[in-house]
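K.L.:
Quick one: sequence and predicted model below, then my questions.
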Amino acid sequence: MTGPERTRTLVQAGAVGVLLVGVTAVLLGRENATQGWLVAGVGTVAVVALLLWQGRVGLHTPWSTARSRVAPGHAVVLWKPGCTFCEILQRALRRDPRVTWVNVWVDEAANAVVREHNAGNEVTPTVLVGSQVMVNPTADQVRAALAGTPDAPPSL
């Protein structure tokens, strides 16, 4: 998804979310005004929080820089915001200097690379270590690949 497409999708999702919150608040507010206002306030905050979560950039190195780091002993992680598996991997490996993070929703070239390795699909996290391509690996699998140990998954 390119930058403008992503922005349009987030705006549309926000509009639908606010509309649903508004309709729910009005319907509940007919019987109890306080309950309607409470739903409107909490619902709006929830919609905004979800949009900000999905819209964040997070850890990102441009693919033009990151591609030269794909080597044995260094991992390049192609990830996207909102991906639970990416979040888990980031929590475990965020501070590892042997790992470079590339947000595929910010970088069109990185998005093309992740699709190239996943039969046209935007599957994340996709991790590149040397000639190895790992799709949705655990942190331990990435560490094993970085160390070049036999526990690393085979190259694709």
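P.N.:
The structure has been received and is ready for your questions.

K.L.:
give me phi/psi at the most far-flung residue of the chain relative to its centre?
P.N.:
What lies farthest from the middle of the chain is Glu31; by CA atoms, centre = their mean that is 40.6 Å. Dihedral pair for Glu31: phi -90, psi -40, per degrees, to the nearest 10.

K.L.:
next one: Gly120
P.N.:
Backbone torsions for Gly120, taken as degrees, to the nearest 10, come to phi 90, psi 0.

K.L.:
how many neighbours does it have?
P.N.:
Counted with other CB atoms under 10 Å, the neighbours of Gly120 add up to 9. For the C-beta atoms, the positions are set from N, CA and C on the backbone; glycine is no exception.

K.L.:
And it, how far from Ala109?
P.N.:
16 Å (CB to CB, to the nearest Å).

K.L.:
Could you do Asn136 as well?
P.N.:
21 Å.

K.L.:
All the strands of this structure, in order from the start?
P.N.:
75-79, 99-103, 126-129, 132-135 (DSSP state E).
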